[in-house]
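> quick check, what structure comes out for this input:
(one chain, ligands or ions: 2)
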Amino acid sequence: MKHAEHYINGSWVDGAGKPFQSLDPAKNKPVWQGRAATAEQVDAAVKSARKAQYDWAGFSFEQRVEVVKKFAELLSSNKEALALSIAEETGKALWEARTEVAAMTGKIDISVRAYQERTGSKENPMPQGRAFIRHKPHGVVAVFGPYNFPGHLPNGHIVPALLAGNAVVFKPSELTPKVAEDTVKLWQQAGLPAGVLSLLQGEVDTGKAIAAHDGIDGIFFTGSSRTGHYLHQQFAGRPDKILALEMGGNNPLIVQDVSNIDATVHDIVQSAFISAGQRCTCARKLFLPTGAQGDAILKRLLEVSRNIKVGLYDAAEQPFMGSMISVAAAKGMLAVQQQLVDLGGEILLEMRHLDENTALVTPGIVECTKVANFPDDEHFGPLLKVFRFTDFDQAIDAANATQFGLSAGLLSDSAELYQHFFRRIRAGIVNWNRPITGASSAAPFGGIGSSGNHRASAYYAADYCAYPVASVELEQVVMPEQLSPGLSF
Ligand SMILES: NC(=O)c1ccc[n+]([C@@H]2O[C@H](COP(=O)([O-])OP(=O)(O)OC[C@H]3O[C@@H](n4cnc5c(N)ncnc54)[C@H](O)[C@@H]3O)[C@@H](O)[C@H]2O)c1
Ligand SMILES: O=CCC[C@H](NC(=O)CCC(=O)O)C(=O)O
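Ligands and ions are numbered 1, 2, ... in the order given. Have a look, this model is predicted:
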């Protein structure tokens, strides 16, 4: 399993730092092992990126698109192998890992369109000369990825960054190094020039060494709010660096006045338990009205959730939920469940750890209406908290009572109620009668508060990958038609 793990200046090189490994969390088997990149290796990667970036930015946009499209073709021809890597390293079911690879492929055409639409060139006539708006790349940017979408989310930064003419230093999650390695090998095959994309594997120390390197012009980060805040502090007083932060959420879903109970329960389940609750957009808090309709929805939700199939990613009969990312993460979610009980919550459906040696857990639902001092933390797993309400506006206020603001949804047959909800709710993704997970790459994706720093990703990633340049241009130096007062020639 030992092999050269870092891609620097177009070559695979051995790590010289601390050893670490990734595990298959569903089967408790090692998947990848290697050594982290040291500060010297970080320095070598950033220096090679600086050198390569100049030429890469000098390619025409069409030439860069050609390489990126070749990468898309390679993703398609290797889709099953990559999906298996994703499933092995994250524990997510193969059906879902396949959708992740499809999202990576779909990202290419969308990013080309977004580049042209949001950061392309425009020309405006002027009385003397012409006015242009063009965009230039920042230079060398670092991409830090999370473990929950080890292919799709780093790809969502890397593709637009490369299209814009940046060089990228990529540090994936230490929990998913193999997916990153497989992906970068496809970029290598696609013919990306040496140094334009580097892969540096490692844990937090490697991330810190990259973030602290003076040779990077910015960081495109997707991960926890804690790390995002840390990077934000680190970049305080550095207006010269661009920082795009895509962070967590504590996302509400409100139900009021629905006629189809099964469809309602479907959207709740899809929002709360997809990816074993490990999506930044997952519903964490469900607001149900008191009374007969709320009771009927809750009863059906418990029936359906109790029967959710949890299992191995490669089972012939595919489960809805695979495993969580690690045994530690599974234990962490059980501890949260206990914390909620200690605070006055009542378990309606107990989350269970199916095997101490794996990260397979069942979904859990806790009634929290009476919990005093409800913690405003992101609980990144399949644990849904239920709150009953009598007044719709109070439910919206409670939904907004969070430091986060990523996704929010309303399930209701009333268009009027939705308009009211839309006006009041504070989040970057606001859905009506659809799950709050499964956002489109063709729309902006980001949140407010502790969920992001107003640099939305997905379709708007183009915006943070390049800076605008305004020019007025004339082919010859000529006298202006009218001189300023006090000048004579
Ligand atoms: N908003 C979004 O688009 C989005 C998408 C997916 C996941 N997420 C969030 O990501 C989290 C799960 O991912 P995670 O646990 O891998 O996140 P994480 O913050 O632990 O790690 C993300 C990346 O940052 C690196 N890192 C950690 N500390 C660092 C430091 N001090 N300096 C530099 N780099 C550092 C990690 O090694 C990893 O590569 C959840 O909170 C989830 O909500 C957000
Ligand atoms: O875990 C967080 C991402 C969840 C995912 N969002 C996207 O895929 C956004 C679209 C993009 O980045 O292209 C979701 O909403 O399920």
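> buried stuff in the longest helix anywhere in the chain?
Across the chain, the longest stretch assigned as helix under DSSP state H is helix 94-119. Using 16 or more other CB atoms under 10 Å as the test for burial, helix 94-119 gives 94, 96-101, 103-108, 110-112, 114-115, 118-119. Heads up, the C-betas are built off the backbone N, CA and C, glycines and all.
> counting contacts, what elements does that helix pack onto?
Counting contacts by 3 or more CB pairs under 8 Å, 6 or more residues apart in numbering; DSSP states H and E, helix 94-119 packs against helix 61-77, helix 79-90, helix 152-163, helix 461-465.
> contact partners for Val168?
For Val168, the set of contacting residues under the criterion of CB atoms under 8 Å, 6 or more residues apart in numbering consists of Ala49, Val140, Val141, Ala142, Val143, His157, Ile158, Ala161, Leu162, Val196, Leu197, Ser198.
> run the last query once more with 7 Å
Under the criterion of CB atoms under 7 Å, 6 or more residues apart in numbering, the neighbours of Val168 are Val141, Val143, Ile158, Ala161, Leu162, Leu197.
> confirm that the first one sits in a helix.
If I follow you right, that is Val141. No: judged by DSSP: H, G, I helix; E, B strand; the rest coil, Val141 forms no part of a helix; its state is strand.
> neighbours around it, how many?
Applying the criterion other CB atoms under 10 Å, we find 29 residues in the vicinity of Val141.
> next: the third one.
Burial of Ile158 is recorded as 28 neighbouring residues (other CB under 10 Å).
> didn't it look like it was pressed against Ala142?
No: contact between Ile158 and Ala142 fails when scored by CB atoms under 7 Å: they sit 10.8 Å apart.
> circling back to that earlier point, pull the distance from the longest helix of the chain to the chain's centre.
When C-alpha coordinates are averaged (CA atoms, centre = their mean, to the nearest Å), helix 94-119 and its chain have centres 13 Å apart.
> any bit of it sitting next to ligand 1?
No: Helix 94-119 stays clear of ligand 1 (CB under 6 Å from any ligand atom), getting no nearer than 11.7 Å.
> so that helix versus helix 152-163, what angle?
On the basis of axes from the mean of the first three to the mean of the last three CA atoms, to 10 degrees, helix 94-119 is oriented at 30 degrees to helix 152-163.
> tell me what the helix or strand that comes right after helix 94-119 is packed against?
In the C-terminal direction, the helix or strand that comes right after helix 94-119 (DSSP states H and E) is strand 122-125. Here strand 122-125 touches strand 130-137, going by 3 or more CB pairs under 7 Å, 6 or more residues apart in numbering; DSSP states H and E.
> contacts for the strand it packs on, please.
Taking contacts as CB under 7 Å, 6+ apart, the residues outside strand 130-137 that touch it are 57, 119, 121-124, 164-166, 465-473.
> circling back to that earlier point, which one of the helices and strands packed on helix 94-119 lies nearest to ligand 2?
Of all the helices and strands packed on helix 94-119, the one in closest proximity to ligand 2, counting by CB to the nearest ligand atom, is helix 152-163 (4.3 Å).
> so the closest one, near ligand 1 or not?
Yes: applying CB under 6 Å from any ligand atom, one finds helix 152-163 touching ligand 1 at Leu153.
> alpha carbons of the helix or strand following that helix, as PDB, please.
Downstream of helix 152-163, the next assigned helix or strand under DSSP H and E is strand 167-171. In PDB, the C-alpha atoms belonging to strand 167-171 read as follows (Å, rounded to 0.1, in the frame of the first residue of the first chain):
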ATOM      1  CA  ALA A 167      -2.600  27.300  -9.900                       C
ATOM      2  CA  VAL A 168      -3.900  25.100  -7.100                       C
ATOM      3  CA  VAL A 169      -2.400  23.500  -4.000                       C
ATOM      4  CA  PHE A 170      -4.800  20.900  -2.900                       C
ATOM      5  CA  LYS A 171      -5.000  19.600   0.700                       C
END
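> pretty sure Tyr115 sits against Ala161.
No: distance between Tyr115 and Ala161: 10.5 Å, which falls outside the contact criterion (CB under 7 Å).
> what parts of this protein come near ligand 2?
Of all the residues in the chain, those in contact range of ligand 2 (CB under 6 Å from any ligand atom) are 148-149, 156, 279-281, 437-439, 441, 445, 457-458.
> 5 Å - rerun?
Gly156, Arg279, Cys280, Thr281, Thr437, Gly438, Ala439, Ser441, Phe445, Ala458 (CB under 5 Å from any ligand atom).
> what's the farthest-apart pair in these?
Every pair in these was compared (CB to CB); the two farthest apart turn out to be Gly156 and Thr437, at 15.6 Å.
> what bits of the stretch 1-150 of the chain have low per-residue confidence?
Within the stretch 1-150 of the chain, the set of residues satisfying pLDDT under 70 comprises 1-2.
> would you pull up the residue in it closest to ligand 2?
Using CB to the nearest ligand atom, the point where the stretch 1-150 of the chain gets nearest to ligand 2 is Asn148, with a distance of 5.2 Å.
> please tell me how far that residue sits from Ala399.
From Asn148 across to Ala399, the span is 23 Å (CB to CB, to the nearest Å).
> can you pull the residues of this protein lying near ligand 1?
That would be 144, 146-147, 173, 204, 207-208, 211, 222-224, 227, 230, 246, 248, 280, which are the residues of the chain within reach of ligand 1 (CB under 5 Å from any ligand atom).
> please indicate which of the contacts of strand 130-137 are buried?
Among these, those classed as buried by neighbour count (16+ other CB under 10 Å) are Ala57, Thr119, Ala164, Gly165, Asn166, Cys465, Ala466.
> need the contact list for the residue of the stretch 1-150 of the chain found nearest ligand 1.
With CB to the nearest ligand atom, the shortest gap between the stretch 1-150 of the chain and ligand 1 falls at Pro146, namely 3.1 Å. Under the criterion of CB under 7 Å, 6+ apart, the contact list for Pro146 reads Leu153, Ser173, Thr222, Gly223.
> what's the nearest residue to the last one if we skip its chain neighbours?
Excluding the flanking residues, the one nearest Gly223 by CB to CB, 6 or more residues apart in numbering is Pro146, at 4.5 Å.
> what separates the one you found from Ser224, distance-wise?
Noted for Pro146: a distance of 8 Å to Ser224, by CB to CB.
> same question for Ala296.
If you go by CB to CB, the gap between Ala296 and Ser224 works out to 36 Å.
> quick one: secondary structure of Phe220?
Phe220, by the three-state scheme (three-state DSSP), is strand.
> do you know how far it is from ligand 2?
Plainly put, Phe220 is 12 Å away from ligand 2 if you go by CB to the nearest ligand atom, to the nearest Å.
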